[in-house]
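> predicted model and sequence follow; I will ask about them next.
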Amino acid sequence: MTAQDPLDLRSYDLVIFDNDGVLVDSETLTVEVEQQLLAELGWEMSTAEVVARFMGRSLAAEVAEVGDRLGADVGARFGELLVERCTQAYADHLAAVAGVPELLDRLAVAGVPTCVASSGTPEGIAAKLERTGLAAHFGDRVSSAVEVEHGKPAPDLFLLAARKAGADPARCVVVEDSVAGVTGAVAAGTTALAYGGSLAPRAELEAAGGTWFARMSDLRISARPPRGV
């Protein structure tokens with residue numbers, strides 16, 4: 001494999017995974033809850049509009065936007081109900097994204113470093129990884145949007161994840177599924193891979209600078225050493 005093969009994860013010093021929609025199959029559940037809740041509060045949106053406006057962003061950013069539109073009290077209520085209803089939905093239905101456990105096993109065997117960079121809270125990220133059996137793959141190598149001033153689509157979260165690992169962002173690859181996430185990964189100077197198994201349209205992910213792929217099995221780990229070794 002060469003540097004022209006972005007899907008070869010062995011070409012990088014660090015693989016940074018988004019959590020929701022990439023590691024855990026939570027985005028569809030979340031968007032359904034968001035759409036229903038917003039309608040109850042007086043802001044009707046299509047599924048596509050919810051995805052475009054909120055997917056990949058932090059809870060704080062969503063609450064602020066709802067507050068700007070419907071009032072601060074409604075925004076705060078939205079945040080409370082969203083956490084409550086999503087927690088129940090995850091308890092009932094959350095699973096690892098197809099192919100992720102096998103991919104993480106292969107990366108571990110190959111000695112490719114990995115971490116998580118998510119818009120979720122530390123508690124929420126941990127709960128989802130535990131529930132889906134993925135927590136042991138990452139240990140404490142997790143970064144949350146609450147640790148940075150600006151969440152996705154800003155580059156801050158990915159720069160933080162790279163800094164924690166002692167990695168040059170230019171030698172990192174980010175696996176994302178949202179336009180906000182891909183935008184932030186590109187702005188951070190990393191290679192952005194856009195997973196097509198979630199909800200964001202392929203054209204928008206590619207326009208943001210992501211290399212689109214359909215299945216986790218499309219991500220390769222070459223038998224050769226990384227570049228520079």
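Sure, I can see it. Residues are numbered from 1 along each chain as shown.

> so where do the strands sit in this structure?
14-17, 114-118, 142-144, 172-176, 191-195, 211-213 (DSSP state E).

> gap between the most centrally placed residue in the chain and A117?
When CA atoms, centre = their mean is applied to the chain, the residue found nearest the centroid is D18 (2.7 Å). To A117, D18 is 7 Å away according to CB to CB, to the nearest Å. C-betas here are computed from N, CA, C, even on glycine.

> hey, what's in contact with both of those two?
Overlap of the contact sets of D18 and A117 (by CB atoms under 8 Å, 6 or more residues apart in numbering) consists of V174.

> mind checking pLDDT for the residue nearest to the centre of the chain?
Per-residue confidence at D18 stands at 98 (pLDDT).

> where does pLDDT dip in the chain?
Along the chain, the model assigns pLDDT under 70 to residues 1-4, 224-229.

> need the longest helix for it.
helix 72-93 (DSSP state H).

> quick one: contacts of that one?
The contact list for helix 72-93, computed with CB under 8 Å, 6+ apart, reads 26, 29-30, 32-34, 37-38, 41-42, 59, 62-68, 70, 127-128, 131.

> can you do 6 Å?
Helix 72-93 is touched from outside by L29, T30, V33, L37, L41, V63, V66, G67, with contacts defined as CB atoms under 6 Å, 6 or more residues apart in numbering.

> cool, stretch 40-54 as well?
Stretch 40-54 is contacted from outside by V31, E34, Q35, L38, E62, V74, L199, using CB under 6 Å, 6+ apart.

> ok, so what distance separates the nearest residue to the fourth one once chain neighbours are set aside from Q35?
With sequence-adjacent residues excluded and distances taken as CB to CB, 6 or more residues apart in numbering, L38 is closest to M45, at 5.6 Å. Distance, M45 to Q35, by CB to CB: 6 Å.

> can you pull out the helices in the protein?
27-41, 47-54, 59-70, 72-93, 100-110, 122-131, 156-165, 179-187, 202-207.

> tabulate those helices (JSON lines), appending distance to I221 and mean neighbour count.
Below are those laid out as JSON lines (distance: least, CB to CB, whole Å; neighbours: other CB atoms under 10 Å):
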{"stretch": "helix 27-41", "distance to I221": "25", "mean neighbour count": "18"}
{"stretch": "helix 47-54", "distance to I221": "30", "mean neighbour count": "17"}
{"stretch": "helix 59-70", "distance to I221": "34", "mean neighbour count": "17"}
{"stretch": "helix 72-93", "distance to I221": "29", "mean neighbour count": "15"}
{"stretch": "helix 100-110", "distance to I221": "5", "mean neighbour count": "16"}
{"stretch": "helix 122-131", "distance to I221": "21", "mean neighbour count": "18"}
{"stretch": "helix 156-165", "distance to I221": "18", "mean neighbour count": "21"}
{"stretch": "helix 179-187", "distance to I221": "20", "mean neighbour count": "26"}
{"stretch": "helix 202-207", "distance to I221": "23", "mean neighbour count": "15"}
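
> which of the ones you listed sits closest to R220?
Comparing the helices of the chain against R220 with CB to CB, the closest turns out to be helix 100-110 (9.4 Å).

> now do that closest one: distance to the chain's middle.
18 Å (CA atoms, centre = their mean, to the nearest Å).

> tell me which of the strands of the chain lies nearest to V97.
V97 lies closest to strand 191-195 among the strands of the chain, at 7.9 Å (CB to CB).

> and that closest one, what's buried?
By 16 or more other CB atoms under 10 Å, the buried positions in strand 191-195 come out as T191, A192, L193, A194, Y195.
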